[in-house]
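> build me a model:
(one chain, ligands or ions: 1)
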Amino acid sequence: MNIGIVCYPTFGGSGVVATELGKALAQRGHRVHFITYSQPVRLDFFNENLFYHEVYIPPYPLFQFPPYELALASKMVDIAQNEKLDVLHVHYAIPHASAAFMAKQILLTRGIRIPVVTTLHGTDITLVGKDASYEPVVTFSINQSDGVTAVSADLRRETYEYFAIEKEIEVIPNFINLERFQKQEKGHFKSAIAPEGEKLLVHTSNFRSVKRVDDVVNIFAGVRKQIPAKLLLVGDGPDRPRIEKLCRDIGLCQDIRFLGKLEAVEEVLSIADLFLMPSEKESFGLAALEAMACEVPVVSTNAGGIPELNEHNITGMVSEVGDVADMVKNALYVLKDENLPRFKAAARAHAETFALENIVPLYEACYQRAVDSV
Ligand code: GMT
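This is a model prediction of the structure:
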């Protein structure tokens, strides 16, 4: 197939899922055209089936808010027509699904029928999309899509609850490349970070308030009171200065390291004993799946789709949002030497069910149904 993929080209979950999906589809022989405002972060290798088309917004003094959606729709029309796309797959409803609707209508006037598949990733529904400023457009453009997918059953439920959706929403979970995400031998790195054999806790995120990174630090402080431990924080974002101050205030700077945005996150995960995800909302929790694939159990909240991934008392433990004391108790339980091996093995085994090879064919089938429907 000739597939157009529209996404945010960022480090964030939806951009990563879209880019990894495109790369996997290209390796399976499809021609994949990425249409975004800059090169997707993970579009990092050359493949004869991969193409990248940049959306350019010509500046004009009148535009206080440059009309990205219009430039994107125009680019979709251009690529769909000239590259003879079979399907347009847009990741994240705002504004990609509505831009795709406009492109589809324009193409129809040119005698071209192209189906649109929309994948809902979470914040486009749970945080931003629900807002009255966007809700009518989100509802309309989901209903106008020829295929709709959500990354967890919980996100599907929430979409039906908050929007008047008439379309069938198919759940296609996030997936993982198990060749890249597997435990690697990094003993030298571990002894540098935890020379006394301290337990190593890890958190990765974009440091937005929804991730509750304060809870990460407070859980770690509770664990650190009981056992020798270190915390590695991967990623960056608006809350980082506040979190750095919190670490100073509670006097744990020597045990907490900020690693910033790291490409090779699997190397850090390879030396970790426990992953912390105390998020307030999380449609799926891709960062936890990456940890599990590297044999790292997860202590998390039960927000959104997390319990579909982190099975309580099997791959880790789940708690109510904000219940730091319970997460401390759970972390200490998982980290016990007699418990840790079983949690590690179960985390990897469950991650394997989300293998790229299992999930990508679900998207291919979804594209085929969308093509057959127009
Ligand atoms: O929350 C993030 O880290 C970024 C966010 C996004 O919009 O890209 O991630 C969302 O999509 C991911 C991929 O489907 C999911 O794994 C994340 O759980 C989801 N984030 C939220 O729902 C808060």
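> surely Pro278 touches Ile306?
No: using Cβ atoms under 8 Å, Pro278 makes no contact with Ile306, being 10.0 Å away. C-beta coordinates here come from the backbone N, C-alpha and C atoms, glycine included.
> what does the protein put close to the ligand?
12-14, 17, 121-123, 126, 151, 174, 206, 210, 281-286 (Cβ under 6 Å from any ligand atom).
> so Pro278 and Ile306 - more neighbours on which side?
Each of Pro278 and Ile306 has its neighbours counted (other Cβ atoms under 10 Å); Pro278 has more, 26 against 23.
> can you give me phi and psi for the closest residue to the more buried one other than its chain neighbours?
Closest residue to Pro278 apart from its sequence neighbours, by Cβ to Cβ, 6 or more residues apart in numbering: Asp215 at 3.8 Å. Backbone torsions for Asp215, taken as degrees, to the nearest 10, come to phi -60, psi -40.
> ditto for Ile169
Main-chain dihedrals, Ile169, degrees, to the nearest 10: phi -110, psi 120.
> surely it meets Ala150?
Yes: shown here, Ile169 and Ala150 form a contact pair, counting by Cβ under 8 Å, at 5.2 Å.
> which one's more surrounded, these two?
A count of neighbours by other Cβ under 10 Å puts Ala150 above the other of Ile169 and Ala150, at 26 against 20.
> just checking, the more buried one touches Thr119?
Yes: look at Ala150 against Thr119 with Cβ under 8 Å: they come within range, at 7.5 Å.
> give the residues shared as contacts by the two.
Ile172 (Cβ atoms under 8 Å, 6 or more residues apart in numbering).
> so what sits against both of Pro278 and Ile306?
Residues touching both Pro278 and Ile306 (Cβ under 8 Å, 6+ apart): Ser300.
> any idea of the mean pLDDT for stretch 347-355?
Computed over stretch 347-355, the mean pLDDT rounds to 98.
> so which bits of it are buried?
Within stretch 347-355, the residues that count as buried by 16 or more other Cβ atoms under 10 Å are 347-348, 350-351, 354.
> could you dump it to PDB, C-alpha only?
Output in PDB follows, covering the C-alpha atoms of stretch 347-355 (Å, rounded to 0.1, in the frame of the first residue of the first chain):
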ATOM      1  CA  ALA A 347       7.200  -7.900  32.900                       C
ATOM      2  CA  ARG A 348       9.200  -9.100  29.900                       C
ATOM      3  CA  ALA A 349       6.700 -11.900  29.200                       C
ATOM      4  CA  HIS A 350       3.800  -9.500  29.100                       C
ATOM      5  CA  ALA A 351       5.700  -7.000  27.000                       C
ATOM      6  CA  GLU A 352       6.200  -9.700  24.400                       C
ATOM      7  CA  THR A 353       2.500  -9.800  23.800                       C
ATOM      8  CA  PHE A 354       2.800  -6.200  22.500                       C
ATOM      9  CA  ALA A 355       5.500  -7.100  20.000                       C
END
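> tell me the contacts of Met1?
Shown in contact with Met1 (Cβ under 8 Å, 6+ apart): 30-31, 86-87, 364, 367, 371.
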